[in-house]
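**Q** My questions are about this predicted structure, shown below with the sequence.
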Amino acid sequence: MPLKPISGPGIAQAQASAPLLEHDTLAAMLTYRHYLSVAQRRFDRLDRLSKLVPTSSRRLARANASYGSAAAKLDRQEILLARLVQRLGYVPKIDPDRFH
């Protein structure tokens, strides 16, 4: 099954000299970094709230659900990234001039 190119804001188009699979792997790496950052921020917020508000608080429940959602996205992205790296055969380095 052929892979479709990953596209979106902040992801450069594949260069003619770079293999499409490497491009998609790099894009998946950047997306993983973003999801990791979001999950970390939400975990930190959950941690702060858990020390300040009662455990029955709606704010705490929302923060818990928000972190759970971010962690699930991160997990799915990690699986995708692992499959791409396995298929590619190596972990490519991100060139900051090509990807931002």
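**A** Thanks, I have it.
**Q** For the rest of this, base every contact and every neighbour count on C-alpha atoms.
**A** Will do.
**Q** which strands and helices sit next to the one helix or strand L21 maps to?
**A** Element membership for L21 (DSSP states H and E) is helix 20-52. Applying 3 or more C-alpha pairs under 8 Å, 6 or more residues apart in numbering; DSSP states H and E, one finds that helix 20-52 contacts helix 58-88.
**Q** and the angle for the helix it packs on with helix 20-52?
**A** 160 degrees (axes from the mean of the first three to the mean of the last three C-alpha atoms, to 10 degrees).
**Q** what separates the helix holding L21 from the chain centre, distance-wise?
**A** Once both centres are worked out by C-alpha atoms, centre = their mean, to the nearest Å, helix 20-52 turns out to sit 5 Å from its chain's centre.
**Q** Can you list the buried residues in that helix?
**A** Buried residues in helix 20-52, defined by neighbour count with 16 or more other C-alpha atoms under 10 Å: 20-32, 35-36, 38-39, 42-43, 45-46, 49-50.
**Q** now do stretch 48-64
**A** L49, S50, L60, A63, N64.
**Q** now, among those, which is nearest to G89?
**A** The shortest gap between G89 and any of the buried residues of stretch 48-64 belongs to N64, at 36.8 Å (C-alpha to C-alpha).
**Q** Contact partners for the nearest residue to that closest one once chain neighbours are set aside?
**A** Nearest residue to N64 in three dimensions, chain neighbours excluded: L46, at 6.2 Å (C-alpha to C-alpha, 6 or more residues apart in numbering). L46 is in contact with L60, A63, N64, Y67, counting by C-alpha atoms under 8 Å, 6 or more residues apart in numbering.
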